[in-house]
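Peer 1: below are the sequence and a predicted model for it; my questions follow.
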Amino acid sequence: MRILYQFPLSHFCEKARWLLDYKELDYVAQNLTPIVHRAFSRLKTKQNTLPILKDNDLWIHDSTKIAEYLDEIYPEKILIPQNRSLKESIYNFNNIANELGEHVRRWTLQNIILIDQKSIDNMINERGYLRKFEKYSKPVLKKLISQSLHLSDEQMKYDHHRIIEIIEMLNIQLKNAHKGYLVGEHLTLADISICSMLAPLMNIYGTPWEIGESKQSQELLDMQMFIQSTAIGQYVQRIYNTERNARIDWRGI
């Protein structure tokens, strides 16, 4: 039994879910609680973060390492072609996505998760242990997340600035893409990485970040309108519409 240990709302975990779905592999998405998860993660991988994939007796940490592992063990539908030029380009986009993901995580936490009751509910998990004490656990969880990620108005402004810069850079690089994908002629780690990292800013149907307009901050609405007006935003929407064939419910268990 394959188990993906995840946060439902994490875009890095969305990336890992997409990798497994693309390979058409059966798995269970097992939720852990933010902050509390660190003891489990350290025990199994000596790292603090998710996602973690357990495949039989193997524990694989980090979404990029999961992609590399899946290509090695399950080589059908390759994510990282061995062609040197293509491989270099794929890792370049993946590195860009990793930086983008860090900025998006902090910015969306400020603009979505910490002001949206439904998001906090998804963090706790309807059947999770913290649900029994939600009156106390919700405000504590908000505070711990803010402290852990050093959320502040100054940091938020910087994250917003870098998100815009990276999107503009991706728009330029997208002009060199062929066949509708960032690298090569089919979906690769590059596409999955970039799309997963931008999805929380785009209110895409069927994703963990699909929320009603009435619950969105003006900052988020402005960001969505900006991204949707760009080539990279339209590309992300198209790839989600045509290539995101989810095999499980992102909410996990």
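Peer 2: Good, I have the coordinates. Numbers count the residues shown, from 1 in each chain.
Peer 1: residues touching the closest residue to S10 other than its chain neighbours, list them.
Peer 2: Closest residue to S10 apart from its sequence neighbours, by C-beta to C-beta, 6 or more residues apart in numbering: L50 at 6.5 Å. Yep, even glycine has a C-beta here, placed from its N, CA and C like the rest. Going by C-beta atoms under 8 Å, 6 or more residues apart in numbering, L50 touches Y5, Q6, F7, S10, F12, C13, L32, H37, S41.
Peer 1: please tell me how far L50 sits from E102.
Peer 2: Separation of L50 from E102 (C-beta to C-beta, to the nearest Å): 14 Å.
Peer 1: didn't M1 look like it was pressed against V28?
Peer 2: Yes. Taking contacts as C-beta atoms under 8 Å, M1 lies within contact range of V28: 6.6 Å.
Peer 1: what about the two, which has more around it?
Peer 2: V28 (14 against 8; other C-beta atoms under 10 Å).
Peer 1: phi and psi next, for the closest residue to the more buried one other than its chain neighbours.
Peer 2: Nearest non-adjacent residue to V28, counting by C-beta to C-beta, 6+ apart: I3, 5.2 Å away. With angles defined as degrees, to the nearest 10, I3 sits at phi -130, psi 130.
Peer 1: who is I3 paired with across the strands?
Peer 2: Taking DSSP bridges as the rule, I3 bridges to V28, K54.
Peer 1: tell me the contacts of it?
Peer 2: Residues in contact with I3 (C-beta under 8 Å, 6+ apart) are Y27, V28, Q30, L53, K54.
Peer 1: list buried residues within these.
Peer 2: Neighbour counting by 16 or more other C-beta atoms under 10 Å classes Y27, L53, K54 among those as buried.
Peer 1: what segments of the chain are helices?
Peer 2: In the chain, helices defined by DSSP state H lie at 11-22, 37-45, 63-73, 84-108, 117-124, 134-148, 153-174, 189-198, 218-228, 231-243, listed in chain order.
Peer 1: please identify the deepest-packed of those helices.
Peer 2: Comparing the helices of the chain by mean neighbour count (mean count of other C-beta atoms under 10 Å), helix 189-198 ranks first with a mean of 27.
Peer 1: which strands and helices lie in contact with that one?
Peer 2: Applying 3 or more C-beta pairs under 8 Å, 6 or more residues apart in numbering; DSSP states H and E, we find helix 189-198 packed against helix 11-22, helix 63-73, helix 84-108, helix 231-243.
Peer 1: possible to save those helices as CSV with distance to S193 and mean pLDDT?
Peer 2: Output for the helices and strands packed on helix 189-198, formatted as CSV (distance: least, C-beta to C-beta, whole Å; pLDDT from 0 to 100):
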stretch, distance to S193, mean pLDDT
helix 11-22, 6, 98
helix 63-73, 8, 98
helix 84-108, 4, 96
helix 231-243, 11, 97
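Peer 1: do you know which of those lies nearest Q216?
Peer 2: Nearest to Q216 among these is helix 84-108; the distance by C-beta to C-beta comes to 11.0 Å.
Peer 1: and that closest one with helix 153-174, angle?
Peer 2: 150 degrees (axes from the mean of the first three to the mean of the last three C-alpha atoms, to 10 degrees).
Peer 1: measure I166 to R251 for me?
Peer 2: 29 Å.
Peer 1: just to revisit the earlier point, now, which of the buried ones among the contacts of I3 sits nearest Q82?
Peer 2: Checking the buried ones among the contacts of I3 against Q82 by C-beta to C-beta gives L53 as the nearest, at 22.0 Å.
Peer 1: who's in contact with the nearest residue to the closest one once chain neighbours are set aside?
Peer 2: The shortest distance from L53 to any non-neighbouring residue, by C-beta to C-beta, 6+ apart, is to I60 (4.5 Å). I60 sits next to I52, L53, K54, I66, Y69 when contact means C-beta under 8 Å, 6+ apart.
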